[in-house]
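>>> Sequence first, then the predicted structure:
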Amino acid sequence: MNTHPGIFHRSMLAALPLFCLMLPLSTTAAGQQWTRFRGPDGNGSSEAANLPVTWGEDDYNWRVALPGVGNSSPVVWGDMVYVTSATEADGTQIVTCLQTSDGSRAWKRDFKAHTYKQNSSNDYASSTPVVDDKRLYVTWANPREYIVLALDRLNGKQLWRRDFGPTIIQHGFGNSPVLFDDVIIVTKEQGEWKDDEMTSAAVAFLDRLLKTDSDYLLHARLGAGQGLVCNNVLHNRTAFEDSENKTELRLVYRARYYDRIANTHWQRAMEQEN
């Protein structure tokens, strides 16, 4: 492992005041490293044996209250577990390292950050760190910065820090880094309206339109066997599966506006066509 690993950076188009960490008995077994979001291979599976089918109080060794809020997942290397959280008041990023044996705190580090508008289901610590035998890598982002931080996993000492600049995401940040050999891979997704007169007018129009009962708004409830196909480059598109019941096959609708919005390219195109 290099002393200063490279960073792969790719830009793409575009609630409670206190929470707890509970460690199950089986994660303390030797060799059970949980290095990143959804585990070493990112598939959410583990080779740990004797996991309980249902969880109860007797299935935990200890429980520790953590500062702030957070949607991130803990990661584990050896006898240490690492978890991030953040303060709601000013967005301060908190990295905590605990001993897997008893939950005692090995170290804690705070990093100044910033608050910003985000989805009510999100918070300022939704990114899960990644860990290897020497370092812990942490990320956070807001409209002022995109921080990737490397810490010594044994004592929390900062080894290096990179800032990839302002990041604006409608629902807030939650991307988790991936470690491949000596490279940290992070994604930067963001979307922002252009700051020009035409775009501002379009945004204002859409805002007004969505608050009306306009005929351009379609409201429908999908029934059994029905599906909705949409195309949006900013979101994932996954396949549908038909029901084995032939009476419940999916229906696909193609909608088309017959009355074009006044003074637009589409209205003029329709007039020329006719």
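Structure's in. What do you need?
>>> unless I'm mixing things up, Thr87 is touching His114, no?
No - with contacts counted by C-beta atoms under 8 Å, Thr87 stays clear of His114, the gap being 11.4 Å. Quick note: C-beta positions are derived from backbone N, CA and C, even for glycine.
>>> When these two are compared, which one has more neighbours?
Neighbours per residue (other C-beta atoms under 10 Å) separate Thr87 from His114, with Thr87 holding more: 18 against 14.
>>> Distance check, that one against Gly42.
For Thr87, the distance to Gly42 equals 29 Å [C-beta to C-beta, to the nearest Å].
>>> now Pro74
Taking C-beta to C-beta, one finds Pro74 at 15 Å from Gly42.
>>> can you check Leu179 too?
11 Å.
>>> got it, and Lys108?
Distance, Lys108 to Gly42, by C-beta to C-beta: 27 Å.
>>> what does Ala125 give?
20 Å.
>>> Ala141 too?
As judged by C-beta to C-beta, Ala141 and Gly42 stand 20 Å apart.
>>> do the same with Ala201
Counting by C-beta to C-beta, the gap from Ala201 to Gly42 is 43 Å.
>>> again with Asp133
19 Å.
>>> now the strands for the stretch 1-150 of the chain?
Assigned by DSSP state E, counting those that start in this stretch, the strands in the stretch 1-150 of the chain fall at 6-12, 19-24, 60-66, 75-77, 80-86, 93-99, 105-111, 130-131, 135-142, 145-152.
>>> Which of Ala141 and Gly42 has more residues huddled nearby?
Neighbour count, other C-beta under 10 Å: between Ala141 and Gly42, Ala141 has more, with 29 against 12.
>>> got the contact list for the more buried one?
Ala141 is in contact with 147, 167, 169, 173, 175, 188, counting by C-beta atoms under 8 Å, 6 or more residues apart in numbering.
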